[in-house]
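Asks: Need a 3D model of the sequence below.
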Amino acid sequence: MKKIITLLLVFGFLVSCSKEDTADNENATNTKLANQKNTGSSSNDLLSDTTFKSMVIELVYVEGFEPTQSSINNFVSFLETRTFKPHGITVEKRAIASPGNAPYTNQEIITIEDANRTKYNTSSQIAVWAFFADGESANNTDSGMVLGTAYRNTSFVIYEETIQDLSNSPFEPNRTILETTVISHEFGHILGLTNLGANMVDNHEDTEHAKHCNVESCLMHWSVESGAGLDNLIGANSAPELDAQCIADLQANGGK
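Replies: Next up, the predicted model:
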């Protein structure tokens, strides 16, 4: 009888642990799902302080492809200018080894994030993943290069190898200016621009380049992320800024 009782107690303990493990796994999955939605869908959460009082940027780069500190500082300044985060914006930066499979498809970029991301939303802090890749995009064509892509509600990739190839030489843009431009542009999409989660106060979406501003000098013009506007950055002392219409859209959606 004692042996039977012992076995039952052990079995009951194992069932209990199994239920707890399942619950933990489900909670972890649910936490990650909040950061795996469509681009622009978290624009209000990022812009306002209604739910999230702070923001953490998990900035991960492949060894040898770190963005300049000035670019990171400019990115934080861009966020502070346009978002309400009274408890602050922090950047946690680290390097990883090369995944070794460039050029990268969008799915490969997602796989890298899923394998390496550690920061997810908490009750009061929203988390962002920024990856700086050691190769080019598989979506490059003979007529254009992809410099960056915003692909989830809190995730974007910068093709740092391509940016390094296109900067810091005679008749090329300054690297910090180019990095700042592309980083801010991609995060503009994450903030819901243009017509990607932040409703437009006035219609200014480019009819030939969806989800981009039709003002050529605006940060959200389509040429910024394709490399077609590189000539405009040669000799520039700063990155392009958002035009008045894009700023109005962010302000109407909870931002500054």
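Asks: end to end, how far does stretch 55-68 reach?
Replies: End-to-end span of stretch 55-68 (C-alpha to C-alpha, to the nearest Å): 21 Å.
Asks: Any chance you could list what contacts the helix or strand hosting residue 126?
Replies: Assigned by DSSP states H and E, residue 126 belongs to strand 125-132. The contact list for strand 125-132 (C-beta atoms under 8 Å, 6 or more residues apart in numbering) reads 35, 42, 45-46, 51-62, 65-67, 87, 109, 112-113, 117, 119-121, 152, 154-158, 160, 183, 187, 190. For the C-beta atoms, the positions are set from N, CA and C on the backbone; glycine is no exception.
Asks: Using PDB, list the CA coordinates for that strand.
Replies: Provided in PDB are the C-alpha atoms of strand 125-132 (Å, rounded to 0.1, in the frame of the first residue of the first chain):
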ATOM      1  CA  GLN A 125       7.800  49.300 -21.300                       C
ATOM      2  CA  ILE A 126       7.600  48.800 -25.000                       C
ATOM      3  CA  ALA A 127      10.500  46.900 -26.700                       C
ATOM      4  CA  VAL A 128      12.000  47.400 -30.100                       C
ATOM      5  CA  TRP A 129      14.300  45.200 -32.100                       C
ATOM      6  CA  ALA A 130      16.900  46.800 -34.400                       C
ATOM      7  CA  PHE A 131      19.200  44.500 -36.400                       C
ATOM      8  CA  PHE A 132      22.200  45.600 -38.400                       C
END
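Asks: those helices in the protein, which residues are they?
Replies: Assigned by DSSP state H, the chain shows helices spanning 2-33, 43-47, 69-82, 106-116, 160-165, 175-190, 223-226, 230-233, 244-252.
Asks: on that earlier part again, generate the PyMOL command that creates a selection of the buried members of the contacts of strand 125-132.
Replies: Only the buried entries of those go into this PyMOL selection, using 16 or more other C-beta atoms under 10 Å:
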select buried, resi 35+42+45+46+52+54+55+56+57+58+59+60+61+62+65+66+67+109+112+113+117+119+120+121+152+154+155+156+157+158+160+183+187+190
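Asks: Now intersect the contacts of strand 125-132 with the strands, please.
Replies: Within those, residues falling in strands by DSSP state E are 54-62, 152, 155-158.
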